[in-house]
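> Just to be clear, the model below is a prediction. Sequence and coordinates:
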Amino acid sequence: MTSDLEPFQLSNVLTDLYHQKDLLDLSAPGPSSPPRNNATPTGGTGSLFASASSIVGAAGRRAAAVASGQGSPASPSRLGRSTGLERDDSVDGTGGADSSKGSSEQRIEIRCVEAYGSNLYLGRSDGVIEWWTCDGSPGSNQNNPGWTLRNKHTLFPRRPMNRLTILPQVSRCFALSEGTIHPLSLPFLEPLPSTVVAPLRGVVSVILDDDELEWDGEGSENNRTEMTVVIVRRRGLGIYRMGGRMIPQKEIPLPSPPSVHALASNYLCACLPHSSTYALIDFSDASLTEVLPVSQVEPSQLGFDPKPNIAVVPGEGEFLVTSYTGVNTMGVFLNGQGDPVRGTVEWAHHPLSLTVESGYILALLRNHSISIHTLSDLEAPVQTISLDPTTSPFAFSYTPYGVAIRNWIRDDRMASSRMILLSGKVAPSTSSSSSKPISIPTSQAPDSMTSPSNSDPLDEPPSGSGLTPPSSPPPFSRRPIAPQRSSSLIRATAPSAKSPFSTTITETLIVGPNGLQAISPTSAITKLEILCKDGKIDDAMVVVEEERQRGKKGQFDGSKAIHQGTMRFLHLYLACYLIMETRFEAAGDHLYRGKIDPRLLVRLFARLRGKVIGSAEEIDVFEGLKQTLMDMPTVETIITTSIKRNYSPHVSPDTAHAPETIELRHALEDEANAMLTEFLRKTRTARRKGGGARGLDSAKIDMVIDTTLAKLLADAGTTNELLALLAGPNDVVLGELEPFLEKRPYVLSTVMRQQGKIERTLAILKGIAESPEGDPLCEDPVDEIAQQLDGMTDPQLLRQYALWLVGRDPTKGLEILISQSGNGGVKLDDEELLGELRQISEDAANVYLEHVVVQKRSPSRPLHEELLTKLIDTAEKQGVDDGIKYHLEELESEFRLGPESQPFCVFLADVAPQTPIKLTRLKLQLFLCGSPFYSLQAASARLATIPWLKYELAIVLGRQGKDKAALQLLARDVGDSVSAQTYCTQGGEVIPPKVAHDVASHVPELAAWATLGDVGRKRRGTVDAAVQEGLVMHLLGVYMKESNSAKQTASLLNAQSLHLDALEVLKLIPPDWPLETVSAFFQRSLRRQLHDQHTWQILKSISAGQNLAVSDEFLNQVRSMPPILDTSGPKSDGSGVSPGFSIPDEGSIPESEKVSEKEAAAGPGGGGGGGGGGGDDEKLARSGSERTLNGAEGEKRHTSFFSPEGVVKELAEIRSERHASSEGQPRSMG
């Protein structure tokens, strides 16, 4: 049972703090001394002889005291909860240290201790307070790794420390030395001003209320902002409230100051020195009740002075006090009124110190041992711990806040260690170890894999990497009862340690003069090791489960990562023993939870590991697991040993040959394989999702997982999962797997496919398909071959197996050929392949022919001719049937009687039911219209012999240019007026692309046929109007010859009126036709002609007006020009125009703009005088400046409406007018 385990374990906290290094080196501190933050010496530098004599004398007195049985001195209990630590030097026998002597003879010792979180405060005998933190800093202290001396504070005058009292709730600390309280702040020990705490002297002790010591960490809303502080003076008690300031509440007088005390709520249990009796003081009414003597025997009759001990039972409001009876010491529980409760507890030796923690009573006895009782059973101790006498323990220091100390057991077990995978009992023999292991390609592993020495085995890998230890934890950040994440007052940062570092929470410290030890609850690792080695596997499983549940509730020490690392170790340690007990199923769950490296498990299966694990391959494991792993043999050996241990010699002839044990062996082997399979499944899934290690060995781990899992699945016949594993991304070593697949050809083909051996894969699948018995794992080998051919790039291999596939399954075979021989696919000789296909299947050859011509758009004329022949033959063969013939006649009749809104081909695609003849005719129509690679003459000759293919014949005739015959077929024989009109507008094309796409919209499988004419088609321009008119007149002539075609004629006239001459149409109309048939056409024609006439008249008038406006603007600009004086007179040839100019064409100027020479000579003023001309010139200049045109706009207008000849003529007329004026009266040029 787990209850039989010892509840506590002893661990070192700080050791060898103040010992000197050598007797001859008396002035220098030892190597373990912490660094000094001040220059104040702690010891003198007397003569060598005097110092040596002092040390030898002290050592002799201590040895004598130990020999006399006195041991360590008695001391008050609960350091930090009662009085200060005052050592009895007379009992100690060491001579002590007299404060009146010089500092040269003073010896540094620990006098009092207080702690919370990761902070530890030591009060020394020289008046110095040290602040230590457990933060895992490397190299901070040689003897105490993980601890850092953060600060020292020296009290003045330098007197021995009596006690330390800390109040982390309000960040205060009271240091008591020689009756004076020194108030300090936490955590840095900075002195507080007198305005916060008034100077207090004559103080004997400081008491805190046990009920107010709850603390949930820094920043918590549940923390108190004020606390009760009781100051013990020589004449009584002073009660204060400590918050931002220390405020006195009341005073209670006492006959003598208590030396040992404990406060819970309003009740103070104290030992009164004047009577050596325990008394209870009620603060509410200041009453005092004496209850029990400290010793029931006179001290003079004893060889020692029994010290009083008082401890509070947390949360119960009870006190535990000790009373020496002369034979032993009795512990009595008292309530607040002084009444005995519970039972009594006895100790053979009188306790030096006493505390109650987590339901246990811990007593430090005079014989250097710790006796532990439970509150539920006071009869006998549940555990006794022996202490090293050389540490001279003299008191407990109990901290209700909990203090983080280094977890040496966990750090030792979880240290990293290198281990050869195939070592210990699984090491292969010499012959097998010489084989070379499978190597990982360089592309799958980093370069550093070739040099493992470059990696640090102590570095923390990601979760799931196996047994690699976790990283160092952060500083302590919670109190033990109420877990928190930021409970320390300071968060010290330090570089990560090279070795694992973790902490555990303890509440009880053992104080010695030169160091500290701790009594902490027994760790789960220790419990598990003890139970597993004792063979109590079920109890060990309970321990692991309890620890896991604590983690789920957040009840763990340190960080979550530290707890997860501990849980991995626990799971793996337990799993190793479960495997050795052949409890494989239970082991599998713990192996997965422990995130073991799969190689450590696979190595135990000799038949499965093969060569994927090298004989010299190493791995990082936990130091606490290394020996256990090396002691584990193979699974086969474990099973054999278990059977032999349990059944030999009870079976015959022996355990190796008895039928019962053989069956049992197979069952255990199956269970082990099932466990390994399930573990590898889970691990593989987690790693594929991104979990697990991605370090140097990631590729090797994936290879071991996938290869081993594939072997197990092949052995078990779990083929579906095996195929799924091989089909997806994997790291299977196929050479290792192939021997396991000899009896499963289909799985082997899958393996070959993974190797890239497609030809062998196809050969295996072909053999399965042709085999009479086949393979039960492969339901459709033909489909498997088709899948392999899909995407193949080897033309010979594709042709070979595709033709074989056409013989087995024509549909799949053609799908492969069609998909692979498309654009960008494998290049095959289509004509040669068609010949081979005809030998296998004529229908398959026809389908492939359509693909080559229609889909691939082959320009081969023979293939086009062959496809046309196949289509015509098929249509002719289908039309011979009387049922189909009747069906076609019904369709033609329905088309003639229906509304003329769509061409015949669209009608056929839309209205006709899905029949073979419909599909054949539509294909033929689209092919005849779109393909340019067939003989039109041969096609028309062949189609003329088939009476039900008149529409198709019209298409060919149209492409031959036989318009009259084509229109005759369309308009009269087929009755397709829409196609006939399309023929006219498109210049002889019956099915234009738009109509072809309309057909494909009703029959989607003809989409490629509809675009057959798009490839290589030149962009058609507008059909010449004369051609359109001619074709329309041809069509009109066809309609005019029919007496019953008036409706079609009217429709044609209305649709094509733009291309028809009304007079020509009037000549063709039969005299007996009614007028309403053609009246609409003539009305629209005459109206359109009249509209055109009026339109041109309006445009002409607008142009003339614009010309006048621009001309006026031009004349104004010209008139604004300055005069030109030509003294030589104009040189003219008699025409009045200077040489180099031509007479402008008057037709380019509107008649209204023409100005005769006479009018030009008269000038704008109407008079011919010179003076009037000058005034007119000024007006003209003014007018020109006011009507200046925008340069660009005016230039544009001039360019648009005037010719150069007109401009020259105007300039000539202006010069003539100005010249005549200048002859009559000269003009100034200024």
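Now that the structure is in, tell me what you want to look at.
> Give me the distance between Leu1012 and Asp4.
Leu1012 sits 93 Å away from Asp4, going by Cβ to Cβ, to the nearest Å. C-betas here are computed from N, CA, C, even on glycine.
> Neighbour count: those two, which is higher?
The neighbour comparison of Leu1012 against Asp4 (other Cβ atoms under 10 Å) goes to Leu1012, with 23 against 11.
> does the more buried one count as helix, strand or coil?
Going by DSSP: H, G, I helix; E, B strand; the rest coil, the secondary structure assigned to Leu1012 is coil.
> where does Val341 fall, phi/psi-wise?
The phi/psi pair for Val341 (degrees, to the nearest 10) reads phi -130, psi 170.
> how much space between it and Asn335?
Distance from Val341 to Asn335, by Cβ to Cβ: 5 Å.
> And for Asp1126?
144 Å.
> follow-up on the earlier one: between Val341 and Asn335, what contacts are shared?
Common neighbours of Val341 and Asn335, using Cβ atoms under 8 Å, 6 or more residues apart in numbering, are Glu318.
> out of the two, which sits in the busier spot?
More neighbours surround Asn335 than the other of Val341 and Asn335, with 17 against 13 (other Cβ under 10 Å).
> quick check: domain ranges of the chain?
Domain ranges of the chain: 110-407, 408-426+486-500+523-702, 844-1088, per the TED database.
> Serialize those domains to JSON lines and add fields for distance to Gln1117 and mean pLDDT.
Formatted as JSON lines, the domains of the chain follow (distance: least, Cβ to Cβ, whole Å; pLDDT from 0 to 100):
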{"stretch": "domain 110-407", "distance to Gln1117": "92", "mean pLDDT": "89"}
{"stretch": "domain 408-426+486-500+523-702", "distance to Gln1117": "85", "mean pLDDT": "87"}
{"stretch": "domain 844-1088", "distance to Gln1117": "44", "mean pLDDT": "80"}
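> so which of these comes closest to Phe1114?
Shortest distance between Phe1114 and these, using Cβ to Cβ, is found for domain 844-1088: 38.7 Å.
> Give me the distance from the closest one to the chain's centre.
The chain centroid and the centroid of domain 844-1088 are separated by 63 Å under Cα atoms, centre = their mean, to the nearest Å.
> and what of stretch 574-588?
Taking mean C-alpha positions (Cα atoms, centre = their mean), stretch 574-588 and its chain are 35 Å apart.
> Could you check that stretch and say which residues are buried?
Using 16 or more other Cβ atoms under 10 Å as the test for burial, stretch 574-588 gives 574-580, 582-584, 586-588.
> quick one: which of these is nearest Leu803?
Among the buried residues of stretch 574-588, and counting by Cβ to Cβ, the member closest to Leu803 is Gly588, at 51.8 Å.
> which non-adjacent residue is nearest the closest one?
What sits nearest to Gly588 in space, not counting adjacent residues and going by Cβ to Cβ, 6 or more residues apart in numbering, is Met675, at 3.8 Å.
> can you map out the helices along the stretch 951-1100 of the chain?
Secondary structure of the stretch 951-1100 of the chain (DSSP state H, counting those that start in this stretch): helices at 963-968, 977-985, 993-1002, 1007-1010, 1025-1040, 1046-1055, 1062-1068, 1075-1119.
> winner for burial among the ones you listed?
Mean neighbour count (mean count of other Cβ atoms under 10 Å) peaks for helix 977-985 among those, with a mean of 23.
> what residues does stretch 995-1006 touch?
Here stretch 995-1006 makes contact (Cβ under 8 Å, 6+ apart) with 903, 905-906, 909-910, 919, 922-923, 926, 929-930, 982, 991, 1007, 1009-1011, 1013.
> correct me, but Gln1028 touches Tyr983?
No - contact criterion Cβ atoms under 8 Å: Gln1028 and Tyr983 do not qualify, at 10.4 Å.
> element containing Glu815?
Assigned by DSSP states H and E, Glu815 belongs to helix 810-820.
> Using PDB, write down the CA coordinates of that helix.
Taking C-alpha atoms only, helix 810-820 is exported to PDB below (Å, rounded to 0.1, in the frame of the first residue of the first chain):
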ATOM      1  CA  PRO A 810     -12.400  -0.900 -73.300                       C
ATOM      2  CA  THR A 811     -13.800   2.100 -71.400                       C
ATOM      3  CA  LYS A 812     -10.900   2.400 -69.000                       C
ATOM      4  CA  GLY A 813      -8.400   1.700 -71.700                       C
ATOM      5  CA  LEU A 814      -9.700   4.400 -73.900                       C
ATOM      6  CA  GLU A 815      -9.900   6.800 -71.000                       C
ATOM      7  CA  ILE A 816      -6.200   6.200 -70.400                       C
ATOM      8  CA  LEU A 817      -5.300   6.700 -74.000                       C
ATOM      9  CA  ILE A 818      -7.400   9.800 -74.400                       C
ATOM     10  CA  SER A 819      -6.200  11.400 -71.200                       C
ATOM     11  CA  GLN A 820      -2.500  10.500 -71.800                       C
END
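> just curious, which of the buried residues of stretch 574-588 is nearest to Lys536?
For the buried residues of stretch 574-588, the nearest to Lys536 is Tyr577 (10.0 Å; Cβ to Cβ).
> that's a helix at the closest one, yeah?
Yes - note on Tyr577: a helix contains this position according to three-state DSSP.
> Please shift the residue numbers so they start at 129 in all later answers.
Got it, first residue is 129 now, which makes that one Tyr705.
> so what's it up against?
Residues counted as contacts of Tyr705 (Cβ under 8 Å, 6+ apart) are Cys660, Ile665, Ala668, Thr756.
> what about the residue most central in space within the chain, which SS state?
Geometric centre of the chain, nearest residue: Gly818, 8.7 Å, by Cα atoms, centre = their mean. Following three-state DSSP, the label given to Gly818 is coil.
> Next up, identify which helix or strand Trp275 is on.
Here Trp275, judged by DSSP H and E, is contained in strand 274-282.
> for that strand, packing partners?
In this structure, strand 274-282 makes packing contacts with strand 256-265, judged by 3 or more Cβ pairs under 8 Å, 6 or more residues apart in numbering; DSSP states H and E.
> how far does the strand it packs on sit from the chain's center?
That offset, for strand 256-265, works out to 40 Å (Cα atoms, centre = their mean).
> Strand partners (parallel or antiparallel) of it?
strand 247-252 (antiparallel), strand 274-282 (antiparallel) (DSSP bridges).
> most packed of those strands?
strand 247-252 (a mean of 26).
> got the CA positions of that one in PDB?
In PDB, the C-alpha atoms belonging to strand 247-252 read as follows (Å, rounded to 0.1, in the frame of the first residue of the first chain):
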ATOM      1  CA  ASN A 247      13.500  33.800  -1.100                       C
ATOM      2  CA  LEU A 248      15.500  32.700   1.900                       C
ATOM      3  CA  TYR A 249      16.700  35.100   4.700                       C
ATOM      4  CA  LEU A 250      19.400  34.200   7.100                       C
ATOM      5  CA  GLY A 251      20.200  36.100  10.300                       C
ATOM      6  CA  ARG A 252      23.800  35.700  11.300                       C
END
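> returning to what we had before: for the helix holding Glu943, which residues meet the burial criterion?
Across helix 938-948, burial judged by 16+ other Cβ under 10 Å covers Pro938, Lys940, Gly941, Leu942, Glu943, Ile944, Leu945, Ile946, Gln948.
> Stretch 1054-1063 now?
Going by neighbour count (16+ other Cβ under 10 Å), the buried part of stretch 1054-1063 is Leu1054, Phe1055, Leu1056, Cys1057, Gly1058, Ser1059, Phe1061, Tyr1062.
> Let me have the residues you listed in CSV, extended by distance to Leu933 and secondary structure.
Listed next are these as CSV, based on distance: Cβ to Cβ, whole Å; DSSP: H, G, I helix; E, B strand; the rest coil:
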residue, distance to Leu933, secondary structure
Leu1054, 30, helix
Phe1055, 29, helix
Leu1056, 34, helix
Cys1057, 35, helix
Gly1058, 32, helix
Ser1059, 30, coil
Phe1061, 30, coil
Tyr1062, 32, coil
